[in-house]
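Chemist: Here's my sequence, what's the structure:
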Amino acid sequence: MSTAVLDLAELARACAATPASWPVTPRVDPDRRWYSRIGASEHHEVWLISWGPGQGTDLHDHGGASGAFTVVAGTLTEEQPYRQTENHPRGTTVDFGAHHVHRLTNRGTEPALSVHVYAPRLTTMTRYELDDAGLRVLGVDREGEAW
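Modeler: Residues are numbered from 1 along each chain as shown. The predicted structure follows:
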């Protein structure tokens, strides 16, 4: 299936709705986010991520990949530069384009779980800081090194 016709949001919803098909059992690491790639093809990949209370990401992009995520349990808070912060409760699906920059955090008191789909597959993710001058690159994480 080509990425032109691949509906990433629909794929995220379908994967989130079928936990029996996941090749791993999600777990919560008290010190950091836990994640596992649970599916991949030539055109996309699917990740399962658990978020303990207070755990989150840096401000980051997806290396030119488009994506979508579905919140399976808990609530994730999404922050985007120059936009209003949004809470995404269980059952919410968010899709985004290739130039999306955001930070996701579990601000709740219970663990959260989400399914993420990217097309094409992730090879880099750039981490940023937002300061008075705008977005500043902190570093680039690469597949095989950072995940």
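
Chemist: State the distance spanning the first to the last residue of stretch 109-129.
Modeler: End-to-end distance for stretch 109-129: 26 Å, by C-alpha to C-alpha, to the nearest Å.

Chemist: Please give the centre-to-centre distance between that stretch and its chain.
Modeler: Distance of stretch 109-129 from the chain centroid (C-alpha atoms, centre = their mean, to the nearest Å) equals 2 Å.

Chemist: Please identify the buried residues of it?
Modeler: 111-120, 122, 125-128 (16 or more other C-beta atoms under 10 Å). (Glycine included, C-beta is placed from N, CA and C.)

Chemist: how close does residue 24 sit to residue 102?
Modeler: Per C-beta to C-beta, to the nearest Å, residue 24 is found 25 Å from residue 102.

Chemist: more neighbours, those two?
Modeler: The neighbour count for residue 24 versus residue 102, taken as other C-beta atoms under 10 Å, is higher for residue 102 (18 against 11).

Chemist: For beta bridges, what are the partners of that one?
Modeler: Residue 102 has the following beta-bridge partners by DSSP bridges: residue 60.

Chemist: for residue 142, same thing?
Modeler: Here residue 142, judged by DSSP bridges, has bridge partners residue 124.

Chemist: Near it, how many other residues are there?
Modeler: 13.

Chemist: what's the answer for residue 134, then?
Modeler: So residue 134, with other C-beta under 10 Å, has 10 neighbours.

Chemist: ok, it - contacts?
Modeler: Each residue near residue 134 by C-beta atoms under 8 Å, 6 or more residues apart in numbering is listed here: residue 81.

Chemist: can you pull the pLDDT of it?
Modeler: Note on residue 134: pLDDT of 94.

Chemist: For it, which residues count as its bridge partners?
Modeler: residue 131.

Chemist: just residue 76 next, same as before
Modeler: Bridge pairing for residue 76 - DSSP bridges - gives residue 88.

Chemist: hang on, it packs against residue 106?
Modeler: Yes. Residue 76 is within contact range of residue 106, at 6.1 Å (criterion: C-beta atoms under 8 Å).
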